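K.L.:
Here's a sequence, model it:
(one chain, ligands or ions: 1)
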Amino acid sequence: MDYTRLFRPGILATRPYSPGKPIGEVQRELGLDSVIKLASNENPEGPLPSVVAAVRAAAAELNRYPDAACHDLGLALGADLGRDPSWLLFGNGCNEIIDMFIRALVSPGENVVFGHPSFIVYPLTCAVHFECGRPVPLRDDRHDLPAMACAVDGKTKLVIVCNPNNPTGTYNTAAEFHAFLADIPPEVIVLVDEAYVEFVTAPDYPRTLELLDAHPNLVINRTFSKIHSLAGLRVGYAVAHPGLIAELHKTREPFNVNALAQVAAIAALREKAETVARAARNREQLERLAAELAALGLEVTPSQANFLLVRVPGNATSVTRELLARGVIVRPMNAFGLGEGAIRISVGLPAENRRCLEALKEILA
Ligand SMILES: Cc1ncc(COP(=O)(O)O)c(C=O)c1O
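P.N.:
Numbers count the residues shown, from 1 in each chain. Okay, here's the model as predicted:
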């Protein structure tokens, strides 16, 4: 049976999402004992002991379905954000939220505008949903917000702004974002993906939570995967006007956020001081790594996130392969549309960053 005849053309033309290689796979394939992963912008520090304890305790009740409404998590996060829980929508990672918005809003012939290169899930999700993606090239590695506003037409349902942007680490300022919002018709939803917001130090970064009341078309998308070290459990959220959230609830899978993710996220929210300390440690390591990469003669894009975009001489795929042979997993950026010469390095623990630098030094020599 030729199954390809059964599927929509957009699906046949799409390649599956290819994540950073897991450590175990590289160990098996290359016969290496020690492998470090700096490829998926994860938090190199594990979940906090209080979070692990909460997960352990909740494991005893896994015979029950999770709370479909994420009631307790909604109260905890709502209190932190100063919003009623009716402003919140939780997802199986914030990837699911992106998917929910695209599926719920876009009919055939309509489109979604996003920057390119940006988070690869936007074009992939659009490709399988009526090929609705309308990428707008970055300018100098940053979102070109005026060009994105110009790309919006009568068929645009959603604009996605990744801020800070993955994979460049760059950001758009509050002034730029305010001007952009003013240019977008009120019936077009603007989803700002702030997966890395907790790592940002730039004082002129937009405070989007404060814009929600004046902009009922604004959606803020965030995650527990990065700063809270919970990528493996899958929990993310959107903050938006309750009218919009109420419609989105109709489209989600009934128990989309698992029980362990819910208790882990609540426990993580209680660890405020440690969360701030983790962001500070990331910043310190990121700045050190950036300086040392620059000292190797490499071009490093200034980053507000927990990763660095680095231009390497020659072919990024072969540099990545040589790093892999030395037990260091990073991400070549060709699949993201950044050409052949760019890799993305996630900030690791100090010893991991040193190992990555040493390996790069060897390869470049
Ligand atoms: C910009 C951006 N958005 C969303 C995600 C996915 O987050 P989650 O793990 O919550 O699905 C990532 C993960 O790398 C990301 O870089």
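K.L.:
show me the contacts for Asn163.
P.N.:
Asn163 is in contact with His143, Tyr171, Asn172, Phe177, Val192, Asp193, Glu194, Tyr205, Pro206, counting by CB atoms under 8 Å, 6 or more residues apart in numbering. For the C-beta atoms, the positions are set from N, CA and C on the backbone; glycine is no exception.
K.L.:
what number of residues lie near whichever residue of the chain sits closest to the ligand?
P.N.:
At 2.5 Å from the ligand, Gly93 is the closest residue in the chain, using CB to the nearest ligand atom. Residues near Gly93, counting by other CB atoms under 10 Å, number 24.
K.L.:
Pull up the residues of the stretch 151-300 of the chain that are close to the ligand.
P.N.:
Contact residues, the stretch 151-300 of the chain versus the ligand (CB under 6 Å from any ligand atom): Cys162, Asn166, Asp193, Ala195, Thr223, Ser225, Ala231, Gly236.
K.L.:
Thought Pro164 was touching the third one, still the case?
P.N.:
If I follow you right, that is Asp193. No. Taking contacts as CB atoms under 8 Å, Asp193 lies outside contact range of Pro164: 9.3 Å.
K.L.:
Tell me which of those two has more neighbours.
P.N.:
Between Asp193 and Pro164, Asp193 has the larger neighbour count (other CB under 10 Å), namely 29 against 25.
K.L.:
Quick check: beta-bridge partners of the more buried one?
P.N.:
Note on Asp193: beta-bridge partners by DSSP bridges are Cys162, Asn221.
K.L.:
ok, it - contacts?
P.N.:
Cys94, Ile98, Phe119, Ile160, Val161, Cys162, Asn163, Asn221 are the contacts of Asp193 under CB under 8 Å, 6+ apart.
K.L.:
Give me the PyMOL select line for the residues you listed, limited to the buried ones.
P.N.:
With 16 or more other CB atoms under 10 Å as the criterion, this PyMOL line picks the buried residues out of these:
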select buried, resi 94+98+119+160+161+162+163+221
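K.L.:
need the helices for the stretch 151-300 of the chain, in chain order.
P.N.:
Taking DSSP state H, counting those that start in this stretch, the helices of the stretch 151-300 of the chain run over residues 174-183, 242-249, 259-270, 272-295.
K.L.:
how about those helices in CSV, adding mean pLDDT?
P.N.:
Formatted as CSV, the helices of the stretch 151-300 of the chain follow (pLDDT from 0 to 100):
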stretch, mean pLDDT
helix 174-183, 98
helix 242-249, 97
helix 259-270, 98
helix 272-295, 98
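K.L.:
would JSON lines of those with mean neighbour count be doable?
P.N.:
Formatted as JSON lines, the helices of the stretch 151-300 of the chain follow (neighbours: other CB atoms under 10 Å):
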{"stretch": "helix 174-183", "mean neighbour count": "16"}
{"stretch": "helix 242-249", "mean neighbour count": "14"}
{"stretch": "helix 259-270", "mean neighbour count": "22"}
{"stretch": "helix 272-295", "mean neighbour count": "16"}
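K.L.:
Just confirm His116 contacts Pro167, I think it does.
P.N.:
No. Between His116 and Pro167 there is no contact under CB under 8 Å: 11.0 Å.
K.L.:
Settle it for me: which of those two has more neighbours?
P.N.:
Pro167 (27 against 18).
K.L.:
What pLDDT does the model give the more buried one?
P.N.:
Looking at Pro167, its pLDDT is 97.
K.L.:
repeat for the one 5 residues further on
P.N.:
The pLDDT attached to Asn172 in the predicted structure is 98.
K.L.:
Kindly report the same for Lys21.
P.N.:
80.
K.L.:
hang on, the earlier thing: show me the one of the helices of the stretch 151-300 of the chain that comes nearest Val51.
P.N.:
helix 259-270 (4.4 Å; CB to CB).
K.L.:
relative to helix 272-295, how tilted is the closest one?
P.N.:
Interaxial angle, helix 259-270 versus helix 272-295 (axes from the mean of the first three to the mean of the last three CA atoms, to 10 degrees): 90 degrees.
K.L.:
name the helices or strands packed onto helix 259-270?
P.N.:
In terms of contacts (3 or more CB pairs under 8 Å, 6 or more residues apart in numbering; DSSP states H and E), helix 259-270 is packed against helix 49-59, helix 71-81.
K.L.:
Could you export those helices as CSV, including mean pLDDT?
P.N.:
Below are those laid out as CSV (pLDDT from 0 to 100):
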stretch, mean pLDDT
helix 49-59, 98
helix 71-81, 98
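K.L.:
Any idea which of those helices gets closest to Gly314?
P.N.:
Per CB to CB, nearest to Gly314 of these: helix 49-59, 42.0 Å.
K.L.:
Figure out how far that closest one is from the centre of its chain.
P.N.:
25 Å (CA atoms, centre = their mean, to the nearest Å).
K.L.:
now swap in stretch 286-304 and tell me
P.N.:
Distance of stretch 286-304 from the chain centroid (CA atoms, centre = their mean) equals 21 Å.
K.L.:
Give me the pLDDT for the nearest residue to Gly297 once chain neighbours are set aside.
P.N.:
By the measure of CB to CB, 6 or more residues apart in numbering, the closest residue to Gly297 outside its immediate chain neighbours is Leu364, 7.8 Å from it. Looking at Leu364, its pLDDT reads 92.
K.L.:
Tell me if I'm right that Leu364 and Leu296 touch.
P.N.:
Yes. The pair Leu364 and Leu296 passes the contact test of CB under 8 Å, sitting 6.2 Å apart.
K.L.:
Start and end of stretch 53-70, how far apart?
P.N.:
End-to-end distance of stretch 53-70 (CA to CA, to the nearest Å): 19 Å.
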